[in-house]
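Q: model the following, please.
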Amino acid sequence: MLEERLQPILYHLRERDRERKDNYKIVKDWFQQHEENLADSPTDMAFVCELPHSERSLLTYPVVGNWYLSEMRQFRSQTEHQSKVYTLIRRVVAEGRFKNHHMRSFYDNAEDYNRMFDELNSLMLSDPDKSTPLHQLMQEIMATASREINTLPYKDTYTVDLGHGVISPLHSFAFLTWYFDTFVKRGQSKPLDLSIMVIDDEHPEEWYSRIMAVGFKEQEGQQGTFHDCESALKALEKGRYDVILTDLELGDGKMDGMKFAEKAFKIQKRKGIVPRISVFSYNDQKLQEAERKLGRFSRKRVLFHQVNYNNKAEFSATRFRLEVGYTLEI
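A: Numbers count the residues shown, from 1 in each chain. I've put the predicted structure just below:
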């Protein structure tokens, strides 16, 4: 049972006081060596709800993730595409055991994980019909376990309710294919008929490649990446860009992303193009300032797209595409 199988890692966590980030590393190292299912049943997983918060916050997602990895083995790929999707989902689930809101303060960033998440959605969208059974598998695993856990009575030993303690983590793994399913249901599984411009002083090509992979239009003969706002403005005057994503800080002596966004907005309106403009940055304070400044455009009842506090460390091209898709309905 789960309680017994967790004893080795619980022993290490309890043997002496450590910084919580050190305990996070211990848990991550241990679970990277143990991807096997540790619980006898969904109800057995409820044991994590009896752990103190300091232990529960580190162990819940690895335990639930291992359940997912085990249950996923029931799937039998019928095509090479399904085999690729299955393999990639397993990688995302395995890494997702250590990249979640419980553990956010323990790891430096989630860039590699989000890049892999975008790769998964790009692959699934490349053949929606063959990818759909994998989405259904993820939902069925969650639904089956949730139904059983929902039948459990409350116990005085629980330090958190079952909904937050087990069912919510189950949903988080099922959520990995939610974006794909949303694109399909909205009739947006094919690339959007929108060209995009990305401005970043360091790696615009990498951001552009990730965004293009999840479904935008490649405009023949038109440059899509820029290292500074000055050259991007010139290109914007000459070409047609339907979506714009700019870094906020582009180096000393160069135009910043906010000034560029305001200039780009005016150009797009003058050219009769709906302004779909977003900013991103590693600096949360700068992003919050930009959110407030850009808000005035919304009050003018015009479309000025801004993804919620778009920190580069948490940036998902998949989410970005979904947000842009919403603007097509306005």
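Q: just give me the neighbour total for S189.
A: Around S189 there are 20 other residues, counting by other Cβ atoms under 10 Å. Placement of C-beta: from N, CA and C, glycine included.
Q: tell me the SS of it?
A: coil (DSSP: H, G, I helix; E, B strand; the rest coil).
Q: what do you get for M197?
A: M197 is classified as strand under three-state DSSP.
Q: whichever helix in the chain runs longest packs against which elements?
A: Identified as the longest helix of the chain according to DSSP state H is helix 128-149. The criterion is 3 or more Cβ pairs under 8 Å, 6 or more residues apart in numbering; DSSP states H and E, and the helices and strands that helix 128-149 contacts are helix 53-71, helix 80-96, helix 111-125, helix 168-174, helix 178-185.
Q: who are the packing partners of the longest one?
A: What it means is helix 53-71. Looks like helix 53-71 contacts helix 7-14, helix 20-32, helix 80-96, helix 128-149, helix 168-174 (3+ Cβ pairs under 8 Å, 6+ apart).
Q: using CSV, lay out those together with mean neighbour count.
A: Shown next, in CSV, are the helices and strands packed on helix 53-71 (neighbours: other Cβ atoms under 10 Å):
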stretch, mean neighbour count
helix 7-14, 14
helix 20-32, 16
helix 80-96, 18
helix 128-149, 17
helix 168-174, 21
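Q: outline the domain layout of this protein.
A: 2-184, 191-327 (automatic domain parsing).
Q: can you flag the weakest of these by average pLDDT?
A: Mean pLDDT values for the domains of the chain show the minimum at domain 191-327, a mean of 90.
Q: and the end-to-end length of that one?
A: 15 Å (Cα to Cα, to the nearest Å).
Q: same check on stretch 9-24?
A: First-to-last residue span, stretch 9-24, Cα to Cα: 11 Å.
Q: I'd like the next helix or strand past the longest helix of the chain.
A: helix 162 (DSSP states H and E).
Q: output the longest helix of the chain as PDB, nothing but the C-alphas.
A: What follows is helix 128-149, C-alpha atoms only, in PDB (Å, rounded to 0.1, in the frame of the first residue of the first chain):
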ATOM      1  CA  PRO A 128      -6.100  15.400 -34.700                       C
ATOM      2  CA  ASP A 129      -8.000  12.200 -35.600                       C
ATOM      3  CA  LYS A 130      -5.100   9.900 -34.600                       C
ATOM      4  CA  SER A 131      -4.300  12.100 -31.500                       C
ATOM      5  CA  THR A 132      -7.900  12.100 -30.100                       C
ATOM      6  CA  PRO A 133      -7.700   8.600 -28.600                       C
ATOM      7  CA  LEU A 134      -4.700   9.800 -26.500                       C
ATOM      8  CA  HIS A 135      -6.700  12.700 -25.200                       C
ATOM      9  CA  GLN A 136      -9.600  10.400 -24.400                       C
ATOM     10  CA  LEU A 137      -7.200   8.100 -22.500                       C
ATOM     11  CA  MET A 138      -6.000  11.000 -20.300                       C
ATOM     12  CA  GLN A 139      -9.600  12.000 -19.500                       C
ATOM     13  CA  GLU A 140     -10.700   8.400 -18.700                       C
ATOM     14  CA  ILE A 141      -7.800   7.900 -16.300                       C
ATOM     15  CA  MET A 142      -8.800  11.000 -14.400                       C
ATOM     16  CA  ALA A 143     -12.500  10.300 -14.500                       C
ATOM     17  CA  THR A 144     -12.200   6.700 -13.300                       C
ATOM     18  CA  ALA A 145     -10.000   7.600 -10.400                       C
ATOM     19  CA  SER A 146     -12.000  10.700  -9.400                       C
ATOM     20  CA  ARG A 147     -15.300   8.700  -9.200                       C
ATOM     21  CA  GLU A 148     -13.800   6.200  -6.800                       C
ATOM     22  CA  ILE A 149     -12.100   8.900  -4.600                       C
END
